[in-house]
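Asker: next comes the sequence, and after it the predicted model I'd like to discuss.
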Amino acid sequence: MREAPPLVCSSSAEIIDSLREDLRAGVHWAEAVFRAMGQWTDAEEEVDGRRYRYFIGGEAFDRLLLAERLLREVAGEVPENELEDFTVRGNLPAGIDEDGVQSLLGVEKYRGYLNFHYGVTVEETLQLAVEQEVIKRYASNGIRRIEDPTEEAFARIYGAGQTELAARFRREEAGEGSTPATLDEQPMTMSECKEFTYWLFKLRLRRSDKPKIASDTKKGLDQLHRMRQATRVG
């Protein structure tokens, strides 16, 4: 892997130009993209009518979303199979590991990535794992059809159902005196779903003791591992 010379860019346009130059110079695409992410300063932006929010709550860094944004600028210059494995499955390309990613992103962004990994990715897989437990428990009692296992799964993890928690989250985000739409009345955007999940993660940390936090986090990590293994096998 050829190493690119250090360069400090001050704007997103300059960073994207530098990314293209790195690729033309023979720098491996993953190294070039992570290096560009390390230089990136915009917390959010709108491109072609789409809103990209790279930091949730100012502390959780969505590196896959920023990678998607950068890779669309160099479409066709990255092998399709490697691109899908990274952006869809979240697997790092061959030749780069987490230590290398941490070095290219820098301490602050890598800490932000860990916040996102545990606060969004693992939190989502924890929800899925508990939802599957709910379905299995009902099935063992001869009940094959459950109206909404998600509500019960959320209640087990967070102490209240998804609908109630979503309304509470929106009230907090909108501020005092507002009456935001419920989850049923106005579906959440993908960005808002991530923010809601991170809000739930912090709620779980506040309401649970350390052994319960560790147990639930392990459950989410185990579910994530199973999902990634199944994807590799498939």
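Answerer: All right, it came through fine. All values derive from a computational prediction rather than experimental measurement.

Asker: not counting its neighbours along the chain, what's nearest Asp42?
Answerer: Among residues not flanking Asp42 along the chain, Ser12 sits closest, at 5.6 Å (C-beta to C-beta, 6 or more residues apart in numbering). Where you see a C-beta, it was placed from the backbone N, CA and C, and this is true even at glycine.

Asker: which residues sit in contact with the one you found?
Answerer: By C-beta atoms under 8 Å, 6 or more residues apart in numbering, Ser12 lies in contact with 40-42, 45.

Asker: cool, and Ser208?
Answerer: Ser208 neighbours (C-beta under 8 Å, 6+ apart): Asp216.

Asker: what's across from Glu46 in the sheet?
Answerer: Counting by DSSP bridges, Glu46 forms beta bridges with Arg51.

Asker: just checking, it touches Tyr52?
Answerer: Yes: distance between Glu46 and Tyr52: 7.3 Å, which falls inside the contact criterion (C-beta atoms under 8 Å).

Asker: what about Phe61, how many neighbours?
Answerer: Residues contacting Phe61 under the criterion other C-beta atoms under 10 Å number 25.

Asker: likewise Thr87?
Answerer: Using other C-beta under 10 Å, Thr87 is surrounded by 15 other residues.

Asker: next: the one 4 residues further on.
Answerer: For Asn91, the neighbour count with other C-beta under 10 Å is 14.

Asker: would you mind measuring from it to Asn141?
Answerer: Shown here: Asn91 relative to Asn141, a distance of 38 Å by C-beta to C-beta, to the nearest Å.

Asker: which ones are touching the residue nearest to Leu126 when sequence neighbours are not counted?
Answerer: Once flanking residues are discounted, Leu126 sits nearest to Gly220: 3.3 Å by C-beta to C-beta, 6+ apart. Residues in contact with Gly220 (C-beta under 8 Å, 6+ apart) are 122-126, 129.
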